[in-house]
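Colleague: following is a predicted model, sequence given first.
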Amino acid sequence: MNSGKAPWITYRPELKVLDCTIRDGGLVNAHKFSDEFVRAVYMACIEAGVDYMEVGYKNSPRLFSTEQYGPWKFCDEDHLNRVFEGHDPEETGLKLAAMADATKSDWREQIVPRDQSVLDMIRVAFYAHQVSEAVEMIQHAHDMGYETSANLMAVSAISENEIDTVLEAIKPTPAGAMVIVDSYGHLYREQVDILYTKYSHAMEGTGKEIGIHAHNNLQLAFANTIEAIILGANRADATMGGLGRGAGNCPLELLLGFLRNPKFHLRPVVKLLQEHVEPLRTRYQWGALLPYNVTGQLNSHPQAAIKFLDSDDNKNFLKFYDELVTDV
């Protein structure tokens, strides 16, 4: 008999699931979800046993038009207090998070003391060349009383030396997690293995967890999330129906079905999908469509595919492919 551990038995109490339907999904509709929609996701997360719900961005109203973007681009504290009135993570088991982008957030002003906010966590997102600011942002959010995480974006598009430099800078910070972010949906299992090993070794002895945030350009978001979990990642991101920018994300309904923690319940997610997410498909387009598959294979930002799909010539896949390959 094989005495090794069965890799598909994934019950780990310390493994936490973060739903980023509103934050990443907001990239599909310019963050214009209704308060009712957001509240429905919130209730579904509570009933499903999800650990964190990321409700949007803390981006600057100076840099982004409040007429062009909805409220979940900015996560104004007064608005959060209205939508999540009475939020108590001790009672619900659900913590609320927001993402602050380096260079895009007035973080010194927008991140208020924890006791003045319904938020429990600030996730700091940054590119490799922005790591110095990210370190400051993480420290500030920590000093304000929040849990924090470090989300290095577009990791597939930078060198190993750049990754090592970022990890070295993040190691001494108070960030509770270091997240592998496959922004372009370009990673395969072997690369996830390499990155998990690199991240976990770099953070050894710090108490930081390793997380995974996967995009679905190559239809591998769920598979790569599973791989990271099996390797030991204890923070996993997902969205309901895979709703998210471009090809979307690891679907929460698949992730909860894979995990063996009895605290998670699938039915509330199915109900939310039926009543709120699926109706969005009549107005918005996301998922592993061919143009996103192409950008994923080419390790490029999905913005070209988004622009193509919004054009009048959005069925001319061959033209899109030829133009993209020529540009590369």
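Modeller: Perfect, thanks for sending it.
Colleague: what segments of the stretch 151-300 of the chain are helices?
Modeller: Here the stretch 151-300 of the chain has its helices, by DSSP state H, counting those that start in this stretch, at 160-170, 189-202, 221-231, 252-258, 267-272, 290-297.
Colleague: cool, the stretch 1-150 of the chain as well?
Modeller: Counting by DSSP H, counting those that start in this stretch, the helices of the stretch 1-150 of the chain are 21-25, 35-48, 77-83, 89-92, 107-110, 131-143.
Colleague: just say which of the helices of the stretch 151-300 of the chain is most tucked in.
Modeller: helix 221-231 (a mean of 23; mean count of other Cβ atoms under 10 Å). Just so you know, the C-beta spots here come from the backbone N, C-alpha and C atoms, and that holds for glycine as well.
Colleague: picking up where we left off before, nearest to A214, of the helices of the stretch 1-150 of the chain?
Modeller: Proximity to A214 (Cβ to Cβ) singles out helix 21-25 among these, at 10.9 Å.
Colleague: contacts only, for T165.
Modeller: The contact partners of T165, by Cβ atoms under 8 Å, 6 or more residues apart in numbering, come to 128, 131.
Colleague: use 13 as the first number from now on
Modeller: Fine by me, first position is 13 from now on; the one you just mentioned is T177.
Colleague: tell me the predicted confidence for it.
Modeller: We have a pLDDT of 98 for T177.
Colleague: so how far does stretch 214-225 reach from one end to the other?
Modeller: 19 Å (Cα to Cα, to the nearest Å).
Colleague: which stretch among the helices of the stretch 163-312 of the chain comes nearest E89?
Modeller: Nearest of these (Cβ to Cβ): helix 279-284, 25.7 Å.
Colleague: output the helices of the stretch 13-162 of the chain as CSV; include the columns mean pLDDT and distance to L321.
Modeller: CSV is the format used below for the helices of the stretch 13-162 of the chain (pLDDT from 0 to 100; distance: least, Cβ to Cβ, whole Å):
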stretch, mean pLDDT, distance to L321
helix 33-37, 98, 17
helix 47-60, 98, 23
helix 89-95, 98, 30
helix 101-104, 97, 37
helix 119-122, 98, 32
helix 143-155, 98, 31
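Colleague: to A250, which of those helices lies closest?
Modeller: Among those, helix 33-37 sits nearest to A250 (Cβ to Cβ), with 8.4 Å.
Colleague: elements contacting that closest one?
Modeller: Secondary structure elements in contact with helix 33-37, counted by 3 or more Cβ pairs under 8 Å, 6 or more residues apart in numbering; DSSP states H and E, are helix 47-60, strand 64-69.
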